[in-house]
Structure formats: structure tokens, C-alpha cells
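heads up, no residue letters with this:
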Ligand code: ATR
């Protein structure tokens, strides 16, 4: 019987997840369909129970529903509970299980460049939902984390929340400083660069050995990432994180190993087609 998966969010029209998952089903000979659904906030509860009634095996959840969906779920995995947000739902014997693959997806995406993050100096720019999931995961792996945000108070709150989960981090304002020379890994998680905006400071003085990641993938190189590359740093955009959050969602739904190569190929093909 054909299996059903999907994505709910608002908006979802430009998501590349269907192409990525379909390439995976094809590679593994699995009869399945992955569809996007535009779900307005007021319809979230009805949509969740509707998907369950339609025998969906699982679905991804994106902006703005990642936190709002929590009350409608029966169970949370430790990753979802810690993040306080869900990006993947699985239906098991009628029960809705919420999971979060963003943090581990990020970790997986940097594995080639940085196989071990323990005791590395990590600077996270931004203190929103994406920053939280990444900070938690890297801190649990033993990284030393500094969170810098335009509104420092939000960075402080994020660090407080990390502490309730037993991990620590420093925080500060999003300004240049000695961190530029000390960081092994810099992760840009703000929305700056989505529309060509530049960061309010330059990367002058950055250690060329720093690995610089921007979780934005469209545009494929933000002005921030471009500057890091021109400074001589290794850089990576957010397509890897998108891939691995999808790979981990696949494995959560279907078990076994997802066909990463096929999913990666579909993602980059469809991404470059769109440019
Ligand atoms: P998400 O959940 O996707 O991470 P979010 O919660 O809206 O998104 O967070 C957006 C992040 O981008 C925040 O860290 C925000 O900084 P503030 O907390 O100070 O608002 C950051 N951000 C957005 N526009 C920015 C700008 N022009 N300069 C610096 N930071 C910006």
C-alpha cells in the first residue's frame, strides 16, 4: 500500500523536501508520496488530526507551527522535548510522536569538515529557534558555545534555557570582538542575508582556520558567507542541514538507513534548477 508523508507550514510552496524524499523513495523502491500542505495557524489542530485520519505515517513541520503543534501531540522524543519544538511527527499505532531532527541534522552536516566538536570554540550568531536547537546539540557534544544576538537579552534567555537542560554557554551582543580570532566554528542563524542584507560588522581579523556556516541556503551564498570565504575561511551554506534533517526524519519514519546520496543529488539538482 502506498505510504503517505508530507510537510505542513505557512508558507511551504518553495520547499524542496518533496523532491528530496521522492528521490529517496525511488532509490529504495518504496511506494510513497510526500506532499506539501499550506496550513494557516488557525487550522493547525484540524490539519494534524486530518493527516492522522488520512493514515499518514508522518510529516514534517515548519514555520510557524514548530512550537504551536506541541499541545496536539501524544508524545515527544527527548530531542523535541529539549528543543521545545517539533519538525517531524510520526504516527505509531494512532499515537502522534513529535521529534526534532534540526540539531542532529546540523551536527551531521558539518561532520566532514569537523568530525569532532568537543572542546571546540563555537560562536552562534542569533538567538531564535534555529540557534536554540543547534546550541543544545553542540553543547551536549561538549562544544564551548558563545551566543551573540542583536538583542542580548534574548541570548541571555536562551543560555538560561540551555542551563535547565544541563549544558552551559556564554552570551553577548552581536558585535565584533576577540571571538573572531578564537572561534573554530561560526554559525550564522539570523535572517540577515535572506534578502542580500549585510551583517552590521566586518569579519576583519577572523582566523582563517575558522569554519563558517550560514544556515540560509537561498541565496546559496549570503554576503556574510561570501565575506568569510574571501577572508580565506572554509564555508558551507544551509543545504547540508536541510538534507540531514530530512535524512534523519526519513530514518525516524521508515527505519534503516536513508539513501543519503540520492536525496543529496535531488536537493542540489532542484536547487540549481530554481536559480
Ligand atoms: P528562527 O526561529 O528561524 O531562528 P527568529 O526566532 O525569528 O527565527 O530569530 C531571528 C533571529 O535573527 C534573531 O536572533 C534576531 O535577532 P533579535 O533577537 O535581536 O531580533 C535575528 N535578526 C533578525 N534581523 C536581524 C538584523 N537585521 N540584525 C541582526 N540580527 C537580526
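Nice, I can see it. Everything numeric here is computed off the predicted structure, so don't read it as measured data.

for residue 169, see how far away the residue of the stretch 51-200 of the chain at minimum distance from the ligand is.
Taking Cβ to the nearest ligand atom, the ligand has its nearest neighbour within the stretch 51-200 of the chain at residue 128, 2.3 Å off. Backbone N, C-alpha and C define where each C-beta goes, glycine included. Here the criterion is Cβ to Cβ, to the nearest Å. By it, residue 128 lies 15 Å from residue 169.

can you pick out the residue with more neighbours from the two?
Neighbours per residue, other Cβ atoms under 10 Å: of residue 128 and residue 169, the larger number sits with residue 169, 22 against 13.

give the contact list for that one.
By Cβ atoms under 8 Å, 6 or more residues apart in numbering, residue 169 lies in contact with 135, 139, 145, 146, 147, 158, 159, 162.

per-residue confidence for it?
Residue 169 carries a pLDDT value of 97.

for it, which non-adjacent residue is spatially closest?
residue 145 (3.8 Å; Cβ to Cβ, 6 or more residues apart in numbering).

doesn't residue 125 make contact with the one you found?
No: using Cβ atoms under 8 Å, residue 145 makes no contact with residue 125, being 11.8 Å away.

the more surrounded of those two?
Legend: neighbour count by other Cβ under 10 Å for residue 145 and residue 125, higher for residue 145 (26 against 23).

does any part of the helix or strand harbouring the more buried one sit near the ligand?
Taking DSSP states H and E as the criterion, residue 145 maps to strand 144-149. Yes: against the ligand, strand 144-149 shows contacts by Cβ under 6 Å from any ligand atom at residue 149.

who are the packing partners of that strand?
strand 121-125, helix 129-140, helix 152-164, strand 170-173 (3 or more Cβ pairs under 8 Å, 6 or more residues apart in numbering; DSSP states H and E).

strand partners (parallel or antiparallel) of it?
Counting by DSSP bridges, the strands paired with strand 144-149 are strand 121-125 (parallel), strand 170-173 (parallel).

winner for burial among those strands?
strand 121-125 (a mean of 24; mean count of other Cβ atoms under 10 Å).

what average pLDDT does that one get?
The average of the pLDDT scores along strand 121-125 is 98.

does it come close to the ligand?
No: if you take Cβ under 6 Å from any ligand atom as the test, strand 121-125 misses the ligand, and the best it gets is 7.6 Å.

show me where pLDDT drops low in this structure?
Applying pLDDT under 70 to the chain flags the ranges 274-275.

80 instead?
Within the chain, the ranges that satisfy pLDDT under 80 run 273-275.

near the ligand, which residues of it?
126-131, 149-151, 154, 174, 189-192.

can you do 5 Å?
Residues of the chain lying near the ligand by Cβ under 5 Å from any ligand atom: 126, 127, 128, 129, 130, 149, 150, 151, 154, 190, 191, 192.

now, of those, which are buried?
Neighbour counting with 16 or more other Cβ atoms under 10 Å marks 126, 127, 129, 130, 149, 154, 190, 192 as buried within these.
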